[in-house]
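[1] Provided below are the primary sequence and the corresponding predicted coordinates.
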Amino acid sequence: MAKIDQVEITQIDIPPKVVRTDAIQSFVTQETVMVTMRCDDGSEGIGYTYTIGTGGSSIVALLRDHLAPQLIGRDPQQYEAIWRDLFFHTHATAVGAITSLALAAIDTALWDRNGKAQGLPLWRMAGGAKSRIPVYTTEGGWLNLAPSELVEQTLAAKAQGFLGAKIKVGKPHVAEDMARLSAVRDAVGPGFDLMVDANQAFSLAEAIRRAHQYAELDLAWFEEPMPAEHVAAHAQLLASTSVPIAVGESMYHLSQFGEYVKQGACSIVQADVARIGGITPWLKVAHLAEAHNIAMCPHFLMELHVSLCAAVPNSRWVEYIPQLDDLTTSRLQIEAGHAVAPETPGLGIEWDPAQLKARRKFEPIVVR
């Protein structure tokens, strides 16, 4: 039986490929915290997590001081026991974003190691429901773009084979949002899916008002209309509109998704594998959603989510935002508007060692 005997922690900051702004923030940099887990049988796994500009050093400190030491001597196959033990070891800081993000770095490393040891890709290990999933793009829909740029980039995405595109909303007046969205809808026609994302910018009254306006555009969903902690408000909004309501990227534990489902507060679940604490809890959220006939359309991290979406039957979309290209030799494979799950054992991400070394923020921290 293999035992974990070393954990290596480092951080790599990746600037965004384009200017990315939404209704409440800008995407400054992807702080990518990486964990390399090595075992006494020579096997290893690489996991990672991220922030969009703040908190990376806090994740590193939590891993270094509290989580990584707990892994030494553990059996990497017991990922459920490890996740639960680490969660309770950091009970004073859970449920919280920093703790969940740190747990994700470890959990993804465990799944990567176990997949490689078994010679299986993640999507087959986790269920193998299907090999490909429809893909939509967010990269041309940022709030800083002028309507003409939105139209140009969305038409380009359609020509490239994407089946949908997400547009950021949250301009000061709903008329501005409608002008932008209407221009795009008129350009791409009715057969191309459009999603909108408010990034938690609205009050309940304003969300209801905007959803009423958006409804004429036949949207696939209205994403994060309000702060995620207001579950009852989302239930009221959903009851007032025909537009599907999508939530999840700002939730950090399975129980939070359970409350949304129980209160009938969402139409689509968008769990983020890093923010939920890793692959182990992500799969539980997916099966919870499946039990209530709700689709999974995860947030960001397409390199991981393509495999997770392929693992479960109720996945509907993979979100295209390329961010790891500078650090990897692998690329998301897209065929006829569908992302194809990789067959590479483990996570299916092929890291570029030279780039990882050249771009790291500090020398790796090694815990034995």
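    Thanks, I have the structure now.
[2] so which residues of the stretch 101-250 of the chain form helices?
    Assigned by DSSP state H, counting those that start in this stretch, the stretch 101-250 of the chain shows helices spanning 122-125, 147-159, 174-188, 204-214, 231-240.
[3] so what does the first one touch, helix or strand wise?
    Spelled out, that is helix 122-125. helix 97-118, helix 302-311 (3 or more Cβ pairs under 8 Å, 6 or more residues apart in numbering; DSSP states H and E). In this view, the C-beta of every residue, glycine as well, is placed from N, C-alpha and C.
[4] what's the closest of the ones you listed to Leu71?
    When the helices and strands packed on helix 122-125 are compared by Cβ to Cβ, helix 97-118 sits nearest Leu71, at 6.9 Å.
[5] now that closest one: buried residues?
    Applying a neighbour-count criterion of 16 or more other Cβ atoms under 10 Å, one finds 97-117 buried in helix 97-118.
[6] and what of stretch 224-235?
    224-226, 228, 230-231, 233-235.
[7] take those residues and lay them out in TSV including pLDDT and distance to Gly140.
    What follows is the buried residues of stretch 224-235, written out as TSV (pLDDT from 0 to 100; distance: Cβ to Cβ, whole Å):
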residue	pLDDT	distance to Gly140
Glu224	98	19
Pro225	98	22
Met226	98	25
Ala228	97	25
His230	98	30
Val231	98	32
Ala233	98	30
His234	98	27
Ala235	98	32
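[8] just to revisit the earlier point, just the helices of the stretch 101-250 of the chain: most buried one?
    helix 122-125 (a mean of 22; mean count of other Cβ atoms under 10 Å).
[9] got a list of contacts for that helix?
    111-112, 114-115, 118, 131, 279, 304, 306-308, 310-311, 341-342, 346-348 (Cβ atoms under 8 Å, 6 or more residues apart in numbering).
[10] from these, which would you call buried?
    Applying 16+ other Cβ under 10 Å to the contacts of helix 122-125 flags 111-112, 114-115, 279, 304, 306-308, 310-311, 341-342, 346-348 as buried.
[11] that older thread, and the helices of the stretch 101-250 of the chain as CSV, adding distance to Ala271?
    Listed next are the helices of the stretch 101-250 of the chain as CSV, based on distance: least, Cβ to Cβ, whole Å:
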stretch, distance to Ala271
helix 122-125, 15
helix 147-159, 24
helix 174-188, 26
helix 204-214, 21
helix 231-240, 15
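[12] who wins for proximity to Gly73 among those?
    Of those, nearest to Gly73 by Cβ to Cβ is helix 122-125, at 23.8 Å.
[13] extract the CA atoms of that closest one and return them as PDB.
    Provided in PDB are the C-alpha atoms of helix 122-125 (Å, rounded to 0.1, in the frame of the first residue of the first chain):
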ATOM      1  CA  LEU A 122     -10.400  11.300 -14.600                       C
ATOM      2  CA  TRP A 123     -13.700  11.100 -16.500                       C
ATOM      3  CA  ARG A 124     -13.700   7.300 -16.600                       C
ATOM      4  CA  MET A 125     -12.600   7.000 -12.900                       C
END
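[14] picking up where we left off before, which of the buried ones among the contacts of helix 122-125 sit farthest apart?
    Asn114 and Val306 (18.6 Å).
[15] how about the strands in the protein?
    Along the chain, the stretches classed as strands by DSSP state E are 4-14, 30-39, 44-51, 132-137, 164-168, 193-197, 221-223, 245-247, 268-269, 295-296, 318-320, 333-335, 338-340, 365-367.
[16] as a markdown table, those with distance to Arg20 would be great.
    A markdown table is the format used below for those (distance: least, Cβ to Cβ, whole Å):
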| stretch | distance to Arg20 |
| --- | --- |
| strand 4-14 | 12 |
| strand 30-39 | 10 |
| strand 44-51 | 14 |
| strand 132-137 | 13 |
| strand 164-168 | 9 |
| strand 193-197 | 12 |
| strand 221-223 | 15 |
| strand 245-247 | 19 |
| strand 268-269 | 22 |
| strand 295-296 | 23 |
| strand 318-320 | 13 |
| strand 333-335 | 21 |
| strand 338-340 | 21 |
| strand 365-367 | 29 |
